[in-house]
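give me a 3D structure for the following:
(one chain, ligands or ions: 1)
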Amino acid sequence: MANQFCLIASVLLWASFSILSSAQTATIATSDTQLILEAGLAHPTLVSLSVPGQAEWKNRNSEALINSVEIDGKQLGVTWTLNRDASQIDDREIAFIYDSASPHLRLTWEWRVRENYGPIEHQIRIENLEPRGIWVPMQDSLASDWSVDPNTSLQHIFVEKGANTPSAVGTHDVAVKEGYAWVGTSTTYGDLDEKEPREIIPWSLIQRNSTARDGWYAGIEFSGRTRISVGRSKDSLKVALGLNPDPAPFRTRLEAGESFETPIVFLGGFRDGVDGAGNVLRRWVKAVLGNPETWKNPHYPLVANNSWGGGMDVNEEVAGRMMQDAAGLGMEMFHQDAGWFRSVGDWQANPQKFPHGVAAMADEAHKNGLKFGLWIDWTQAGLSMEPGALNARDPKVRDWMVTDLPADWQPEPFKGQTIDIGDPDAKQWVERELERVVSGYHLDMLEHDGYLVAHGCDRNDHPHAAPDPLNKCVYKSWGAYFVDSSNSTDVSYHAVHAYYDIYSRLRREHPGLLFEICNDGGRMVDFGSAAHGDYFSITDTYDPLSNRRAFYDTSHVLPTAMLESYVEKWPVPRIENFRYMLRSGMMGWLTIMQDTNSWSAEQHAVAKEEIELYKRELRPLIRDSELFHISPRPDGIHWDGIEYWDRERRRGAVYAFRGSSEAESAHTFALHGLNADTRYEVRFHDHSSPDRSFTGRELMERGLSVSLAVPNSSEIVFLQQAR
Ligand SMILES: [Zn+2]
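Sure, this is the predicted structure:
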């Protein structure tokens, strides 16, 4: 078999060689995006991007490839030469190979089509063929200089993470004027300091203000320290995506035979504005990055009950009562949040609270017909002396901490000291520990929390670069120690790869296991996490407005089934307010973070109906349909809403929310995505208006009017295309 594969491979190489020798350019395309690529003798170039039917975007930059490496303390220049024989071109993948004879290196500049629609992926790989270790400097994933007419009006759209509390803006739509210079960054631990700019989901969109509202967008499939920059000057629009080069100088170590891979980026063309882009990108993320095993389950996204309603005071009896009530309400999973373990780093059941252990709790959930999920902050060390615990003072593991801890250091109740999982021994411990937890505790879902990717590291015996001894800062926040130095990006590069390895392996060994990505709520919302987990906690603030704001922002780029809102206790003097609270978390994955035993009989009855409505009518739309942002971003005062429209099943829903203003009892939403001349049956679920039918033109131009008598209330309006 091996020989046959070799033969097929060599035939393909000949084919691509002949194409390359006749023309130095190649085209790769999906239905939305066409890229022309050129293999220069010394540099590859992304020549142009075009969206069918729209003016082409021309790029003037060849890719800036690294031009030196460091060996034994000496900088050596690198000269790249195209290797035609090794380069490959086919419909779905183009790889231009560049070699350096001395030092001996190979660089692969690769573009890949993953689906027939949507964006195209790009990555650069640098392989060390020297018989010794080398240091590689910063290599961007993609840097382009688009030629733009100085008179063309452009918008830049980018979206913040919902970390901590969503800010007042969240979704930015900024005119790209002369002199525009913007940098957006993403880490796994940002937004602690309110004075710093908010972190972005690593994605950006540039739109031409034309009638087609066309343009392109790009994103990064990596959870480490990354940045995107956009700058406009005269006829030039410069854009760079990749690892964050600051604090400089970035460098990363490659032993003999090892490779450095830039974070994968994707680049896609669009029309019809940001929702036009989002409707393609969300579908692409589901198909390309999503876990097929997860989407196969028709109950995904599940309705969950989370124990944090009772905080750290949860115990076996409380959890048991919550499970019973959750099952009666029609929920599908019980999610045990923090509060179950002995202490940080000692991930065994607290014997006072859970005398029968975690597996017994999971079995109890299963008996109630519920799946069972568990919170764990698995990179945190504490001070437990129990066997198997991760004790920060244990000499065998002390070096895994990102810095030496002072003698008086104490963990907090559910926060300890992060270990650097980029260290192979630390990673191995985590793999064993998570296998024990998942199998031994009978888990259906594993939620990780806390700063699992080290925020800097002080060690010089880990695989990452050492910190700069003259320029580093070690500080304490929330009881844990962090380090900032020029090695911070490389620390995150190694730790994120370790995180992906750990989760890929867990997925292989436990195919039905769900992963909730939580990093103090919404700090790891990115496309790398999307490729390794199943859903995100999108914010750390759970009132109706924060839930809707975080959803509004994040739903521009990620499948809404992946976007979890925790619905916490909120003042609900009237039943309309109660529905508003629930529905503010019912646009994606719904988790109720309350002890529902405290609800009144009326609230129980309403919640049961709402959960049934979610499962029967809303969830199919959340899984599969297009989404339109049909109002400005929620402010809690005025009205806001979103529209789901499923083209295939020809049905949809509008979620309408009335804010706190006493003055606005009615609002009109202009709908999108309908056929102008087709009629649609419109059904007001709560009967706030009589049902009737409209043409698509009426709904899109005049709009859908909704009237609600009570501030902080809601309606769900169903649309069905007439046969
Ligand atoms: Zn380290």
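
run a quick neighbour tally on residue 648.
When neighbours are counted by other CB atoms under 10 Å, residue 648 registers 7. Every C-beta, even on glycine, is put in place using the N, C-alpha and C of the backbone.

next one: residue 74
Other residues close to residue 74 by other CB under 10 Å number 8.

beta partners of it?
With DSSP bridges applied, residue 74 shows beta-bridge pairing to residue 71.

any idea how far it is from residue 132?
According to CB to CB, to the nearest Å, residue 74 and residue 132 sit 12 Å apart.

name the residues contacting each of those two.
Counting by CB atoms under 8 Å, 6 or more residues apart in numbering, residue 74 and residue 132 have no contacts in common.

what about residue 326, which helix or strand?
helix 316-328 (DSSP states H and E).

C-terminal to that helix, what's the next element?
strand 333-336.

buried set for the strand or helix carrying residue 361?
Per DSSP H and E: residue 361 is located in helix 357-367. By neighbour count on 16 or more other CB atoms under 10 Å, the buried set for helix 357-367 is 357, 358, 361, 362, 364, 365.

and whatever helix or strand comes next after that helix, what other elements does it pack with?
Counting by DSSP H and E, the element after helix 357-367 in chain order, helix or strand, is strand 371-376. For strand 371-376, the elements it packs on are strand 333-336, helix 357-367, strand 445-448, strand 514-517, judged by 3 or more CB pairs under 8 Å, 6 or more residues apart in numbering; DSSP states H and E.

what number of residues lie near the closest residue to the ion within the stretch 151-300 of the chain?
Nearest to the ion, among the residues of the stretch 151-300 of the chain, is residue 253, at 12.2 Å (CB to the ion). For residue 253, the count of nearby residues is 18 (other CB under 10 Å).

residue 274 too?
Residue 274 has 22 nearby residues by other CB under 10 Å.

isn't it up against residue 205?
Yes - between residue 274 and residue 205 a contact is recorded at 6.1 Å, counting by CB atoms under 8 Å.

shared neighbours, the two?
With CB under 8 Å, 6+ apart as the test, residue 274 and residue 205 both reach residue 157.

what is the neighbour count of the residue of the stretch 251-400 of the chain at minimum distance from the ion?
The nearest approach of the stretch 251-400 of the chain to the ion comes at residue 400, 8.0 Å away (CB to the ion). Counted with other CB under 10 Å, the neighbours of residue 400 add up to 27.

repeat for the one 10 residues further on
Other residues near residue 410 come to 9 when the count uses other CB under 10 Å.

rewinding a little: can you spell out which helices and strands pack onto the helix holding residue 361?
Against helix 357-367 (3+ CB pairs under 8 Å, 6+ apart) you get helix 316-328, strand 333-336, strand 346-349, strand 371-376.

one step back: pipe the buried residues of helix 357-367 into CSV and attach pLDDT and distance to residue 309 per row.
Below are the buried residues of helix 357-367 laid out as CSV (pLDDT from 0 to 100; distance: CB to CB, whole Å):
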residue, pLDDT, distance to residue 309
357, 98, 22
358, 98, 19
361, 98, 16
362, 98, 19
364, 98, 18
365, 98, 16
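
what residues does the chain have near the ion?
420, 457, 459, 462 (CB under 5 Å from the ion).

do that again at 8 Å, thanks
Taking CB under 8 Å from the ion, the part of the chain that reaches the ion is made up of 400, 402, 420, 422-423, 454, 457-459, 462-464, 491, 494-495.

looking at pLDDT only, which of those residues scores worst?
Within the residues of the chain next to the ion, residue 454 has the lowest pLDDT, namely 91.

if I look at the residue nearest to that residue when sequence neighbours are not counted, how far off is residue 517?
Leaving aside its sequence neighbours, residue 454 sits nearest to residue 420 (CB to CB, 6 or more residues apart in numbering; 4.2 Å). With distances taken as CB to CB, residue 420 is found 20 Å from residue 517.

distance between the ends of stretch 630-648?
21 Å (CA to CA, to the nearest Å).

spit out the contact partners of the residue positioned nearest the centre of the chain.
Central residue of the chain (CA atoms, centre = their mean): residue 526, 2.6 Å from the mean position. Shown in contact with residue 526 (CB under 8 Å, 6+ apart): 186, 201, 202, 220, 221, 222, 223, 226.

could you do residue 323 as well?
Per CB under 8 Å, 6+ apart, neighbours of residue 323: 305, 334, 364, 365, 368, 370.

for residue 606, see how far away the fifth one is.
Right, residue 368. As judged by CB to CB, residue 368 and residue 606 stand 21 Å apart.

cool, and the first one?
Distance from residue 305 to residue 606, counting by CB to CB: 16 Å.

got it, and residue 639?
22 Å.

of those two, give the one with the bigger neighbour count.
residue 639 (21 against 17).

mind checking pLDDT for the closest residue to residue 196 other than its chain neighbours?
Closest residue to residue 196 apart from its sequence neighbours, by CB to CB, 6+ apart: residue 190 at 7.5 Å. We note a pLDDT of 76 for residue 190 in this prediction.

what are the ranges of the helices in the stretch 451-600 of the chain?
488-509, 527-530, 544-554, 575-583 (DSSP state H, counting those that start in this stretch).

and the residue nearest to residue 65 when sequence neighbours are not counted, what does it touch?
Closest residue in space to residue 65, ignoring its immediate chain neighbours: residue 80 at 5.6 Å, by CB to CB, 6+ apart. Residue 80 makes contact with 42, 43, 65, 98, 99, 100, 107, according to CB under 8 Å, 6+ apart.

and which of those is nearest the ion?
Nearest to the ion among these: residue 107, at 26.9 Å, using CB to the ion.

report the contact partners of the closest one.
65, 80, 97, 98, 99, 100, 124, 125, 126, 127.

got a winner among those residues for most neighbours?
residue 98 (27 neighbours).

touching, that residue and residue 78? I think so.
No - using CB under 8 Å, residue 98 makes no contact with residue 78, being 9.6 Å away.

joint contacts of those two?
With CB under 8 Å, 6+ apart, residue 98 and residue 78 have common neighbours residue 65.
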